[in-house]
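> give me a 3D structure for the following:
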Amino acid sequence: MTKPTHPGSAHNNGNSAGRRLDMILESKVESADLAETLIYEFAKQEYNETEHHAIQLAVREAMANAVLHGNRFDHCKKVFLTVELCARDLKISIRDEGEGCEVEDVPDPLAEHNMLRESGRGMLLIRTCMDEVAWQKGPSGGTHLVMAKRRSHSNSAPK
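Model (predicted):
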């Protein structure tokens, strides 16, 4: 189901910063659950409950976008997940192998004519939940999302 490409390691420097996890996930809905769980376990000591909820929601939406809109449930295509705990933030990278999208072309979910649409709010939720968000269309296709959640002062003290 998943394949760790780099198992992630903690530096023994008195805090948990500097750890990294790389995963290759299948293009199926269950991968969103797995990514959410992996990231929670990876950074559970670094964020409070509210921050974890925001991170989990952003990851779930990003994975759903990669699997559904990017890879279109094509089981031959994968989703690449990288998580890195840095001194100041948690950086999450999610890349699909689909055709890619132009973020500017995604309809505004807050526009009156889009309010009742069944989908289209994922990017808004991701932007709301995370402190930094950037999408890029890959040179060989696919969409690459990089997002970060800053660590609060109370959570970033050495452990």
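> could you give the secondary structure assignment for Ile94?
strand (DSSP: H, G, I helix; E, B strand; the rest coil).
> and it, how many neighbours?
26 (other C-beta atoms under 10 Å). In this view, the C-beta of every residue, glycine as well, is placed from N, C-alpha and C.
> what's the distance between the spatially most central residue of the chain and Ser93?
For the chain, Val59 is the residue whose C-alpha lies nearest the centre (C-alpha atoms, centre = their mean; 3.9 Å). The gap separating Val59 from Ser93 is 11 Å, by C-beta to C-beta, to the nearest Å.
> who's in contact with Arg60?
Ala32, Ala35, Glu36 (C-beta atoms under 8 Å, 6 or more residues apart in numbering).
> which residues touch the closest residue to Ala62 other than its chain neighbours?
Computed as C-beta to C-beta, 6 or more residues apart in numbering, the closest residue to Ala62 that is not its neighbour in sequence is Ile94, at 4.8 Å. Counting by C-beta under 8 Å, 6+ apart, Ile94 makes contact with Ala35, Val59, Ala62, Met63, Ala66, Val79, Phe80, Leu81, His144, Leu145.
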